[in-house]
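S.K.: just to be clear, the model below is a prediction. Sequence and coordinates:
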Amino acid sequence: MDLKIQHFVIFVTITCLSACNDAPQKLSKISGQQLPITDSINVTDSIDIFVAPYRSRVNEVLDSTLAYAPKQITKNDGKYNTSAGNLMADIILSEANPIFKSRTGNDIDFVISNHGGIRSIISKGKVSARTAYEVMPFENSIVVVAIKGKSVRDLISFLINANSPHPIAGMQIVLNNNESLKDVNIQGLPFDENRTYYVATSNYLADGGDDMGFFRDDINPVDLNYLIRNAMIDYFKKVDTLRAKVDDRFIKIE
């Protein structure tokens, strides 16, 4: 009798296990809820106490004065070029060129960035690392691409027809009174359509962002693995005063 009961128990156990293994597991429902983070959420004292020294150190580093701006620097103070755009492009050229030169033996010919990438003004007064984060909150790195003269010609046409003053450095564009192209100079020399030029830009634009399709035929792009924001911070540390202004790098002859 005990043997029969034992056999029965084994049979039932095997049957149940087989049934469990055969039953398909299906996801029947997915639900979610948005939890906005607002001032209504109470601070957890223990977490706040733990984070406090780290927060204090981060704020100290971000807010330490690196340079001084004698006036507001903005991307809206010029039609063809702006103080903020000129500063941004000049920083990319000055900080990226030594790195590119050391790696390739070549110099950067000119810089192009995008007007929309500048996300904040630089207020009059102290300039800090936090300023760089406010102006350039994106993780965009500096890329140098080699493009042929024809693509540079397309780039120039893009700048002339753009509705916004995109930042440039190392290049001068002069328009006639009727908006037609008069002159283009790169590094002080007349533009040569038979040349290949080394252009510094962001990885976002090098990939065709902001409809900058003239980078489509770039040759051997070199990513410097150098964030534009970090270049700004390095530049701020080197200078005492930011001398950004609207100038003649892109003008129209009246």
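M.R.: Nice, thanks for sending it over. Keep in mind that this is a model prediction, so the values were computed, not measured.
S.K.: what about residue 28, how many residues nearby?
M.R.: Number of residues near residue 28 (other C-beta atoms under 10 Å) recorded here: 4. Any C-beta I mention is one placed from the backbone N, CA and C, and that applies to glycine too.
S.K.: that one and residue 34, how far apart?
M.R.: Going from residue 28 to residue 34 by C-beta to C-beta, to the nearest Å gives 22 Å.
S.K.: what sits against residue 111?
M.R.: Residue 111 sits next to 89-90, 92-93, 96, 167-171, 199-201 when contact means C-beta atoms under 8 Å, 6 or more residues apart in numbering.
S.K.: from the centroid of this structure, which residue is nearest?
M.R.: Closest to where the C-alpha atoms of the chain average out (C-alpha atoms, centre = their mean) is residue 140, at 2.7 Å.
S.K.: run through the residues that contact that one.
M.R.: 117, 202-204, 227-229.
S.K.: what are the bridge partners for the spatially closest residue to it that is not a sequence neighbour, then?
M.R.: Using C-beta to C-beta, 6 or more residues apart in numbering and skipping residues adjacent in sequence, the residue nearest residue 140 is residue 202, 4.1 Å away. Beta-bridge partners recorded for residue 202 (DSSP bridges): residue 142.
S.K.: and residue 202, how many neighbours does it have?
M.R.: Residues near residue 202, counting by other C-beta under 10 Å: 24.
S.K.: right, and it touches residue 144 too?
M.R.: No: using C-beta atoms under 8 Å, residue 202 is not in contact with residue 144; the gap is 10.9 Å.
S.K.: low-confidence ranges, the protein, go.
M.R.: In the predicted model of the chain, residues 1-24, 52-54, 56-58, 60-61 satisfy pLDDT under 70.
S.K.: ranges for the strands of the stretch 101-250 of the chain?
M.R.: 110-112, 125-128, 141-148, 168-169, 171-175, 181-186, 189-190, 196-202, 219-227, 250-252 (DSSP state E, counting those that start in this stretch).
S.K.: contacts for the fourth one, please.
M.R.: Which is strand 168-169. By C-beta under 8 Å, 6+ apart, strand 168-169 touches 81, 85-86, 89-90, 92-93, 110-113, 159, 249-250.
S.K.: and stretch 156-168, how far from the chain's centre?
M.R.: 18 Å (C-alpha atoms, centre = their mean, to the nearest Å).
S.K.: one step back: which one of the contacts of residue 140 is nearest to residue 39?
M.R.: residue 229 (28.6 Å; C-beta to C-beta).
S.K.: now for the closest one, how many residues are close by?
M.R.: 19.
S.K.: that one contacts residue 131, doesn't it?
M.R.: No: Residue 229 lies out of contact with residue 131 (C-beta under 8 Å); the separation is 10.0 Å.
S.K.: what's the neighbour count on the nearest residue to residue 185 once chain neighbours are set aside?
M.R.: Distances taken as C-beta to C-beta, 6+ apart put residue 172 closest to residue 185, at 4.5 Å, once the chain neighbours are dropped. For residue 172, the tally of surrounding residues (other C-beta under 10 Å) stands at 20.
S.K.: quick check, residue 172 in contact with residue 247.
M.R.: No: in this structure, residue 172 is not within contact of residue 247 by C-beta under 8 Å, at 9.4 Å.
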